[in-house]
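# here are the coordinates; sequence isn't available:
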């Protein structure tokens, strides 16, 4: 059946505009076909030029005939509805309390609950539609007391940090890191999997650091064997010799070499306050975030062929905390401490 179409000048101008400027490519193709028809082309050449079948072209003509330009802008896709959608609420409740470690496990659980067997690819799409993502499990110290952490943060830590903001006190995050010369594997956007050489040996570069909570100035004590009480005493003496003119507070964990009599007596004689964190509370010491930052900047995905270049790279990174990296650290080391009170604990 021949479909007779008539075009006004306004129709032709609208088709000319929309064939290039409409945001959806399917609508652009409709407009192109009707514009060609408005220019006097017959049915078959129009279908050939636009790459549209003759039946589809006739459907576009009917849409224009019945509703004009606006009808061509309507998109009516036929999207199959997954059988799993009928069980969406049940499956969401199940996965909230029974997270899966693999797609194979998810497929098995879906089949057991619904009787529907699906390929892992389809299950993955369904789980994404539910709002699920594949995430690495985090670790919470099993013996940590959340209430003790909150009380410490409120009554001890935050008041001192507020004083530091007002330039009435200097607060330093203190901790040691042990960098081993080896393969520090990272992630890259790449077309094939990349490999880095693995250095021989297990030489270790130890860094005991005090990081200023406000200025990000870093004071360090380094060696190649181990950190002990004498290393902490050296750090205390470095801090005291800088003649800062403000009370100094060091926030540190309960490692034996930091909480021994030698260290505590020296700190007391130098007028330095040692503020020990509650047991099992690394989330309250922001220097932990800083060590991860250092590893990202100079270790992950990099190869050092000797111990000297390895230690030089770390030392160079540490020297830029209050200059080159200050802006990044201002974003990273905010006083928004991780709180585990609402964490989802895996009990499987």
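Yep, that arrived. Note that the coordinates shown come from a computational prediction; the quantities given were computed from them, not determined experimentally.
# Which positions in the host helix or strand of residue 269 come out as buried?
Residue 269 belongs to helix 261-270 when assigned by DSSP states H and E. Residues 263, 266, 267 are the ones in helix 261-270 that count as buried (16 or more other Cβ atoms under 10 Å). From N, CA and C alone the C-beta is placed, and that goes for glycine too.
# residues touching the last one, list them.
It refers to residue 267. 236, 250, 273, 274 (Cβ atoms under 8 Å, 6 or more residues apart in numbering).
# switch to 7 Å and redo it
Neighbouring residues of residue 267 by Cβ atoms under 7 Å, 6 or more residues apart in numbering: 236, 274.
# Please report how far the residue nearest in space to the middle of the chain lies from residue 57.
Centroid-nearest residue in the chain, with Cα atoms, centre = their mean: residue 135, separated by 10.1 Å. Look at residue 135 and residue 57: by Cβ to Cβ, to the nearest Å, they are 48 Å apart.
# quick one, helices of the stretch 151-300 of the chain?
Using DSSP state H, counting those that start in this stretch, the helices of the stretch 151-300 of the chain run over 158-165, 229-240, 261-270, 287-298.
# now the ones you listed in TSV, with mean pLDDT and distance to residue 308?
Formatted as TSV, the helices of the stretch 151-300 of the chain follow (pLDDT from 0 to 100; distance: least, Cβ to Cβ, whole Å):
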stretch	mean pLDDT	distance to residue 308
helix 158-165	96	36
helix 229-240	96	21
helix 261-270	96	31
helix 287-298	95	14
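# Out of those, which is closest to residue 208?
Nearest to residue 208, of all these, is helix 229-240, at 5.1 Å by Cβ to Cβ.
# Could you chop the chain up by domain?
Using automatic domain parsing, the domains assigned to the chain come out as 9-72, 83-129, 146-332.
# which residues touch residue 201?
Counted by Cβ under 7 Å, 6+ apart, residue 201 has contacts residue 181.
# start the count at 642, not 1, going forward
Okay, using 642 as the starting number, the last item reads as residue 842.
# how near is it to residue 936?
19 Å.
# for residue 660, same thing?
Counting by Cβ to Cβ, the gap from residue 660 to residue 936 is 54 Å.
# what bits of the stretch 642-791 of the chain have low per-residue confidence?
Scanning the stretch 642-791 of the chain for pLDDT under 70 picks out the ranges 642-643, 718-721.
# still on that earlier bit, so what angle separates the directions of the helix holding residue 910 and helix 870-881?
10 degrees (axes from the mean of the first three to the mean of the last three Cα atoms, to 10 degrees).
# any weak-confidence spans in the stretch 792-941 of the chain?
Those would be 884, if you go by pLDDT under 70 across the stretch 792-941 of the chain.
# all strands of the stretch 792-941 of the chain, in order?
In the stretch 792-941 of the chain, the strands defined using DSSP state E, counting those that start in this stretch lie at 811-821, 845-853, 859-864, 889-893, 913-917.
# Nearest to residue 948, out of the ones you listed?
strand 845-853 (7.6 Å).
# who are the neighbours in contact with residue 703?
With the criterion set at Cβ under 7 Å, 6+ apart, residue 703 makes contact with residue 644.
# hmm, back to that, mind picking the one among the buried residues of helix 902-911 that's closest to residue 652?
Distances from residue 652 to the buried residues of helix 902-911, taken by Cβ to Cβ, are shortest for residue 908, at 85.8 Å.
# Against residue 916, how distant is the closest one?
Distance from residue 908 to residue 916, by Cβ to Cβ: 11 Å.
# and if you look at residue 649?
81 Å.
# tally of neighbours for residue 753?
Other residues within reach of residue 753, judged by other Cβ atoms under 10 Å, total 9.
# Likewise for residue 716?
Using other Cβ under 10 Å: residue 716 sits among 9 other residues.
# Give me the nearest residue to it, chain neighbours excluded.
Nearest residue to residue 716 in three dimensions, chain neighbours excluded: residue 667, at 6.1 Å (Cβ to Cβ, 6 or more residues apart in numbering).
# and the helix or strand the one you found falls within, which residues are buried?
Using DSSP H and E, residue 667 maps to helix 666-679. Buried residues in helix 666-679, counted by 16+ other Cβ under 10 Å: 668, 670, 671, 672, 673, 674, 675, 676, 677, 678, 679.
# now swap in stretch 861-876 and tell me
Buried-residue list, stretch 861-876, by 16+ other Cβ under 10 Å: 861, 862, 863, 868, 869, 870, 872, 873, 874, 876.
# same deal with stretch 843-852?
So stretch 843-852, judged by 16+ other Cβ under 10 Å, has buried residues 844, 846, 847, 848, 849, 850, 851, 852.
# Same list, the residues you listed, but as TSV with distance to residue 806 please.
Output for these, formatted as TSV (distance: Cβ to Cβ, whole Å):
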residue	distance to residue 806
844	40
846	33
847	31
848	27
849	26
850	21
851	18
852	16
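# give me the number of residues near the closest residue to residue 678 other than its chain neighbours?
In space, and not counting its chain neighbours, residue 678 is closest to residue 687: 5.6 Å by Cβ to Cβ, 6+ apart. Residues near residue 687, counting by other Cβ under 10 Å, number 21.
# Which strand or helix spans residue 687?
helix 684-691.
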